[in-house]
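# Following is a predicted model, sequence given first.
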Amino acid sequence: MIKVALCGVGYWGRNLLRVLSSNPGIQLTAIVDMRLEVRERLAQSFPSAAIYEDASSVILDPSIDAMVIATPVSSHYSLAKAGLDAGKHVMIEKPMCGSSEEAEDLVARAKAYGLTLMVDHTFLFHPAVRKLRDLVASGTLGHISYFDSQRVNLGLFQPDVNVLWDLAPHDLSILDYLFSAEPVSVEASGYCHVNDKSPDIAYITLHYENSMVAHLNLSWMSPVKMRRIALGGSKQMAVWDDLNRDEPVKIYDSGITIHSNQDREINLPNYRIGAVTSPRISGPEPLAEVVEHFRRSILGQERCQTDGDFGLRIVRTLERAQSALECSLQQVAYSKRNTFNIIAAE
C-alpha cells in the first residue's frame with residue numbers, strides 16, 4: 001500500500017482526489033489546500049486523512065511515500081524539490097515546471113535519490129491517443145506530413161499561466177509520444193485580449209526533421225469547445241475528435257499521389273478518396289490509469305512513461321514557443337506604433 005499526500009484540490013486536484021481515493025493500492029494519507037472552506041469540507045468527506053493548510057507537515061512526515069502536486073505552476077518546483085529531498089516519490093500536474101532550469105534540477109535530484117518523478121500528461125493514457133500511436137508505429141498511415149490540433153474553448157482563464165502554457169502541454173506531450181522527437185524549429189503568434197501581458201490566443205507551428213509540420217490552435221476565446229487532432233499520412237489520414245463520444249477516431253483511406261519534381265510542374269497531384277472507418281475505442285478512465293501507473297512505477301513494476309526527462313522535453317519546447325510568441329507580440333506592437341505615428345503625422 002502506497003501512502004500518498006495530495007497537494008492542491010483545485011480544478012484538476014478534485015479529479016486527482018477522486019481517483020487517488022478510489023485506487024485500492026493507494027492510501028490517501030494527507031490532503032493539502034490553502035482554503036479554509038475546502039479543508040473543512042475535506043475533513044468531513046475524508047475523516048481518515050490528515051488535512052493541512054500547507055505542505056510542510058507532509059514533507060516532514062516519514063510515513064508518506066509519495067506526493068501528488070496539483071497546485072499553481074509557480075509552486076511546482078519548490079514543492080517537488082522539497083518532496084524529493086525528503087525521500088518521497090513525486091507526481092506533478094502538467095506542465096512540470098515554469099522553466100527548463102527548474103525541471104533539469106528535479107530530474108537530477110530524482111535520479112540521484114533513486115525516486116520516481118512523474119508528470120501527469122493524462123492524454124497519453126487515453127485509448128484514442130494510444131490508437132493513434134499504433135497507427136503511426138505500424139505504418140498504417142504512411143509517412144506523416146502534418147499534425148493539426150484545435151484546442152479551443154471559452155476560458156478557463158488561468159491566473160498564473162497564459163494559454164500556451166495551459167493548453168499546449170497536451171498537444172506537445174502527444175506529439176512526443178507519437179513521434180519521439182523534438183522540433184527543429186518553433187514559430188508562434190498570438191494575441192492578448194483580456195490581459196495585455198498574458199496571451200489568450202496562440203498559434204504554434206513546429207517543424208520536425210522528418211519534414212513533418214505540426215500546427216496548434218490554442219484559445220480561451222472561442223464560443224465553442226473543440227478538441228480535435230488530425231494526422232495526415234501518405235497512405236491514410238486519421239482524425240480524433242475528443243468530443244465525439246460515439247466515433248472519436250476516424251480513419252480516412254484518402255490522400256494524394258505526388259509526382260516527381262519534373263512532372264509536378266505540369267501535372268496536378270492525383271487524389272484518392274476512399275472509405276472512412278471508425279475503430280472501437282474503449283478503456284479505463286485515463287486519469288485512473290495515470291495514478292495506477294504512478295503506483296506501479298514506484299513499486300518498480302513499470303517503467304515510468306512520463307518521467308522527469310519527458311516532462312523536461314515538454315517544458316523546453318514551451319520555452320521555445322514562449323520566446324517566439326513574445327517576439328511576435330513585440331513585432332505586432334511595434335508595427336501598430338509605427339502605423340499610429342504615420343497616421344498622426346498625416
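Received, thanks.
# For stretch 244-260, give the mean pLDDT please.
Taken as a whole, stretch 244-260 has an average pLDDT of 86.
# Of all the residues in it, which ones are buried?
Asn244, Pro248, Val249, Lys250, Ile251, Tyr252, Ser254, Gly255 (16 or more other Cβ atoms under 10 Å). Yep, even glycine has a C-beta here, placed from its N, CA and C like the rest.
# How about the secondary structure of the fifth one?
In this case it means Ile251. Using DSSP: H, G, I helix; E, B strand; the rest coil, the structure places Ile251 in strand.
# who touches it in this structure?
Leu135, Thr140, Gln236, Met237, Ala238, Val276, Thr277, Ser278, Pro279 (Cβ atoms under 8 Å, 6 or more residues apart in numbering).
# Okay, it and Ser282: tell me how far apart.
Ile251 sits 16 Å away from Ser282, going by Cβ to Cβ, to the nearest Å.
# Can you read off the pLDDT for His89?
98.
# meant to ask about Asn341, not that
On the pLDDT scale, Asn341 gets 56.
# can you redo the contacts of Ile251 as CSV with distance to Gln150?
What follows is these, written out as CSV (distance: Cβ to Cβ, whole Å):
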residue, distance to Gln150
Leu135, 19
Thr140, 23
Gln236, 20
Met237, 15
Ala238, 15
Val276, 19
Thr277, 22
Ser278, 19
Pro279, 21
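# Averaged pLDDT, stretch 198-211. What do you get?
Stretch 198-211 carries an average pLDDT of 96.
# let me fix that: stretch 14-31
The model assigns stretch 14-31 a mean pLDDT of 98.
# who touches that stretch?
Against stretch 14-31 from outside (Cβ under 8 Å, 6+ apart): 1-6, 9, 42, 46, 48-52, 57-58, 61, 63-64, 68, 70, 93, 120, 285, 287-288, 290-292, 295.
# What distance do you get for Leu106 to Ile201?
Counting by Cβ to Cβ, the gap from Leu106 to Ile201 is 31 Å.
# Looking at those two, which is more packed in?
Leu106 (24 against 19; other Cβ atoms under 10 Å).
# What is the neighbour count of the closest residue to Lys235 other than its chain neighbours?
In this structure, Lys235 finds its nearest non-sequential neighbour in Gly142, 3.3 Å apart by Cβ to Cβ, 6 or more residues apart in numbering. The local packing of Gly142 (other Cβ under 10 Å) involves 15 other residues.
# hang on, the earlier thing: using a markdown table, lay out the contacts of Ile251 together with secondary structure.
As requested, the contacts of Ile251 are arranged in a markdown table below (three-state DSSP):
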| residue | secondary structure |
| --- | --- |
| Leu135 | helix |
| Thr140 | coil |
| Gln236 | coil |
| Met237 | strand |
| Ala238 | strand |
| Val276 | strand |
| Thr277 | strand |
| Ser278 | coil |
| Pro279 | coil |
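# Just send those residues back as CSV, with neighbour count, distance to Arg320 and pLDDT too.
Shown next, in CSV, are the contacts of Ile251 (neighbours: other Cβ atoms under 10 Å; distance: Cβ to Cβ, whole Å; pLDDT from 0 to 100):
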residue, neighbour count, distance to Arg320, pLDDT
Leu135, 23, 28, 98
Thr140, 13, 31, 96
Gln236, 19, 31, 95
Met237, 22, 28, 96
Ala238, 23, 27, 98
Val276, 13, 36, 95
Thr277, 13, 37, 96
Ser278, 13, 36, 96
Pro279, 15, 34, 96
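# ok, which stretches of the stretch 1-150 of the chain are helices?
With helices called from DSSP state H, counting those that start in this stretch, the stretch 1-150 of the chain shows them at 13-22, 36-45, 56-60, 76-85, 100-113, 127-137.
# what's the most buried one of those helices?
helix 76-85 (a mean of 21; mean count of other Cβ atoms under 10 Å).
# how far is that one from where the chain is centred?
A distance of 20 Å separates the centroid of the chain from that of helix 76-85, by Cα atoms, centre = their mean, to the nearest Å.
# cool, stretch 3-20 as well?
18 Å.
# With stretch 181-193 instead?
Taking the mean of its C-alpha atoms, stretch 181-193 sits 15 Å from the chain's own mean (Cα atoms, centre = their mean).
# That one spans what distance, first to last residue?
33 Å (Cα to Cα, to the nearest Å).
# and what of stretch 80-100?
OK, stretch 80-100 end separation, Cα to Cα: 14 Å.
# for stretch 246-256, same thing?
28 Å.
# pLDDT (mean, whole number) over the longest strand anywhere in the chain?
Of all the segments assigned as strand in the chain under DSSP state E, the longest by residue count is strand 221-233. For strand 221-233, mean pLDDT is 97.
# strand partners of that strand, parallel vs antiparallel please.
With DSSP bridges as the test, strand 221-233 is paired with strand 144-154 (antiparallel), strand 237-241 (antiparallel).
# I'd like to know which of those strands lies nearest to Thr205.
strand 144-154 (10.3 Å; Cβ to Cβ).
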